[in-house]
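> what would the 3D arrangement of this be:
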Amino acid sequence: ARSTVPPPLETLSNLTVGEACLKESLRKYSVVPMVVRQTIAEIDLGNGERMPKGTTVFINIQALHNDETYWPEPMKFSPDRFLSGKVEPYTYLPFIAGPRNCLGQYLSLLESKMVVGMLADRYRFESLDPLQTELHGENDPRH
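Modelled structure (predicted):
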């Protein structure tokens, strides 16, 4: 019988590929694709233009997550983007950023990793793409 106990934190910390897959999923399929904010002060946009206080600003997170400037081949599912740890600041915003970011973001990612870990413990998953197995091997501990 398989364990019904969630994986320990040290095990979850080693699931780097699993975490990268979760982050790439959140990049491709934003839970909150757009947010609206209002400026609290006048902002100099740096090009001679100014944004007055009280301006309503729409932030299209899904468009940012699909911008080829920051994400080459943005429609491709590529968890490797997150394995290097080199994500340009404010280009990945699944939980927004700044003082109004999601308070539950760390808990959400931890819970997601626990679920993925428990699923991986209970079931055998196989890639339908033979190239993936060839590149990483079946017994890669990062999965």
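> quick one, helices of this structure?
Ranges of helices in the chain, per DSSP state H, are 9-13, 16-28, 61-65, 105-122, 130-136.
> please identify the deepest-packed of those helices.
Burial of the helices of the chain is given as mean neighbour count (mean count of other CB atoms under 10 Å); helix 16-28 ranks first at a mean of 19. C-beta here means a position set from N, CA and C on the backbone, and glycine is covered the same way.
> next, the angle helix 105-122 makes with that helix.
120 degrees (axes from the mean of the first three to the mean of the last three CA atoms, to 10 degrees).
> what is helix 16-28 packed up against?
helix 105-122 (3 or more CB pairs under 8 Å, 6 or more residues apart in numbering; DSSP states H and E).
> run through who's touching the helix it packs on.
2-3, 6-7, 11-12, 15, 18-19, 21-22, 94-95, 102, 125, 143 (CB atoms under 8 Å, 6 or more residues apart in numbering).
> one more pass at 10 Å, please.
2-9, 11-15, 18-19, 21-23, 25-26, 31, 94-97, 102, 104, 125, 143 (CB atoms under 10 Å, 6 or more residues apart in numbering).
> which of the helices of the chain sits closest to Met51?
helix 61-65 (18.2 Å; CB to CB).
> mean confidence for the closest one?
Mean per-residue pLDDT for helix 61-65: 95.
> likewise stretch 28-46?
Averaged across stretch 28-46, pLDDT comes to 93.
> what is the burial count for Glu49?
Residues near Glu49, counting by other CB atoms under 10 Å, number 8.
> need the pLDDT of it.
With respect to pLDDT, Glu49 scores 95.
> that one and Thr55: what is the separation?
11 Å (CB to CB, to the nearest Å).
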